[in-house]
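S.K.: Sequence plus predicted model, see below.
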Amino acid sequence: MLRVAHSPKSRRDRFLLCLACLVEDSSLEDARRLLADPTNNVTKAIWDGRFAGGQWPNHYLGGLIHEEDSPGNFILRERDGRVEYVIYDAQGAEAVLSSWIPAQVK
């Protein structure tokens, strides 16, 4: 069941894109850690302002956007030596929004 909302799709996409920018070049484990507690890596002012404090509504299913393979949410996965940031549209179809080779651990 889809939830009807008045928020524009572009706003949700902007939140998902901001998340992708936050974790690019990270390993899968680091990306998950960053998304779980991003205030370790950005100032609270930036997190609250640009990233809206991490409280992004999922207008497709209700609740908040989180890592899950369902409409309006995202997942991180490893494929062919790359980390992929995958988002899901209203019908649950996936789209790879960003893909990167993780930085080497030093």
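M.R.: That came through, no problem. Keep in mind that this is a model prediction, so the values were computed, not measured.
S.K.: Now do Tyr88 against Glu29, distance only.
M.R.: 22 Å (CB to CB, to the nearest Å). C-beta here means a position set from N, CA and C on the backbone, and glycine is covered the same way.
S.K.: ok, these two, which is more surrounded?
M.R.: Remark: of Tyr88 and Glu29, Tyr88 carries more neighbours, 21 against 12, as counted by other CB atoms under 10 Å.
S.K.: Give the bridge partners for the more buried one, please.
M.R.: Taking DSSP bridges as the rule, Tyr88 bridges to Glu94.
S.K.: and it, what is it in contact with?
M.R.: Neighbour list for Tyr88: Asp69, Ser70, Pro71, Gly72, Asn73, Phe74, Ile75, Glu94, Ala95 [criterion: CB atoms under 8 Å, 6 or more residues apart in numbering].
S.K.: Setting aside sequence neighbours, what's the nearest residue to the first one?
M.R.: Put plainly, it is Asp69. Ile75 (5.2 Å; CB to CB, 6 or more residues apart in numbering).
S.K.: tell me the pLDDT at that neighbour?
M.R.: Here, the pLDDT recorded for Ile75 equals 92.
S.K.: All good on my end, thank you.
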